[in-house]
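A.B. asks: Just to be clear, the model below is a prediction. Sequence and coordinates:
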Amino acid sequence: DTAVSQTPKYLVTQMGNDKSIKCEQNLGHDTMYWYKQDSKKFLKIMFSYNNKELIINETVPNRFSPKSPDKAHLNLHINSLELGDSAVYFCASSQLTGGGSYEQYFGPGTRLTVT
Amino acid sequence: GQSLEQPSEVTAVEGAIVQINCTYQTSGFYGLSWYQQHDGGAPTFLSYNALDGLEETGRFSSFLSRSDSYGYLLLQELQMKDSASYFCAVRGSNYQLIWGAGTKLIIKP
């Protein structure tokens, strides 16, 4: 009964390849996020979807494209992978309506290594 | 611009008390959150302060002063398992959390 799940957990690929990371949440939340965490541990927001609508689109290369088929799923596709894309990518979800702490629940992360 | 400042590293002794400070400068403020992340793990939520004052949850407490744009996380009776990175994050005027760079807490026996 995992709350936020991501696949794959590890991804090793060569420069120039295209890859996708999938994320699913079963918490009934209305908002999902993609974060990138580099080796210095800084958490950088990339995208956020609220009820399948893109609400946060930070400055990331166009090679990164999110897709939300429904509000329980948010996938990340990366084209033409580069060495600098190596990082841990976290998916998260939260409930933005109804007040409260807007606590974000994170998936286990996908460690991407580009060689 | 928007920013959060927290120390990069704090060292403490097992059984002691440690305080991790966070100052913020954001456009809009809805609350200050704290997250814990162990090496190789995902961030997990610890606490949230929307109003001034101290919130206590077991050995962990979090404090907020909105007039000073300042908050802290207080960890008591430190245990080795508390060794982790701690992030403060502010919910600003849009939907995203603005994150600090994280504080690595090192606990010595």
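C.D. replies: Happy to help now that I have it. Numbers count the residues shown, from 1 in each chain, chains lettered A, B, ... in the order given.
A.B. asks: By average pLDDT, which secondary structure element in chain A comes out worst?
C.D. replies: strand A:53-57 (a mean of 83; mean pLDDT, DSSP states H and E).
A.B. asks: what does the next helix or strand after it contact?
C.D. replies: Heading C-terminal from strand A:53-57, the first helix or strand you meet, by DSSP states H and E, is strand A:64-70. For strand A:64-70, contacts defined as C-beta atoms under 8 Å, 6 or more residues apart in numbering or on different chains pick out A:32, A:34, A:46-47, A:49, A:52, A:54, A:74-79. The C-beta positions use only the backbone N, C-alpha and C, and glycine is treated the same way.
A.B. asks: can you give me the mean pLDDT across strand A:64-70?
C.D. replies: Averaging pLDDT along strand A:64-70 yields 93.
A.B. asks: tell me which residues in it are buried?
C.D. replies: By neighbour count on 16 or more other C-beta atoms under 10 Å in any protein chain shown, the buried set for strand A:64-70 is A:64, A:66, A:68.
A.B. asks: just to revisit the earlier point, run the contact check for the least confident helix or strand of chain A versus chain B.
C.D. replies: Yes - judged by C-beta under 8 Å from any C-beta of the partner chain, strand A:53-57 and chain B are in contact via A:55-56.
A.B. asks: one step back: ok, which pair from the contacts of strand A:64-70 is furthest apart?
C.D. replies: Spatial extent of those (C-beta to C-beta) is set by the pair A:K52 and A:N79 at 22.0 Å.
A.B. asks: The helix or strand of chain B with the lowest mean pLDDT and chain A, are they touching?
C.D. replies: Ranked by mean pLDDT, DSSP H and E, the weakest helix or strand in chain B is strand B:97-99, scoring a mean of 90. Yes - judged by C-beta under 8 Å from any C-beta, strand B:97-99 comes into contact with chain A through B:97, B:99.
A.B. asks: Dump the following helix or strand past that strand to PDB, restricted to CA.
C.D. replies: For strand B:97-99, the succeeding helix or strand toward the C-terminus, using DSSP H and E, is strand B:103-108. What follows is strand B:103-108 as a C-alpha-only set of coordinates in PDB (Å, rounded to 0.1, in the frame of the first residue of the first chain):
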ATOM      1  CA  THR B 103      21.400  21.200   7.100                       C
ATOM      2  CA  LYS B 104      23.400  18.000   7.600                       C
ATOM      3  CA  LEU B 105      23.100  16.900  11.200                       C
ATOM      4  CA  ILE B 106      26.100  14.900  12.400                       C
ATOM      5  CA  ILE B 107      25.700  13.100  15.800                       C
ATOM      6  CA  LYS B 108      28.600  11.900  17.700                       C
END
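A.B. asks: Excluding chain neighbours, what is closest to the closest residue to chain B within chain A?
C.D. replies: Residue of chain A nearest chain B, by C-beta to the nearest C-beta: A:S101 (3.5 Å). Of all residues not flanking A:S101 in the chain, B:Y48 sits nearest, at 3.5 Å (C-beta to C-beta, 6 or more residues apart in numbering or on different chains).
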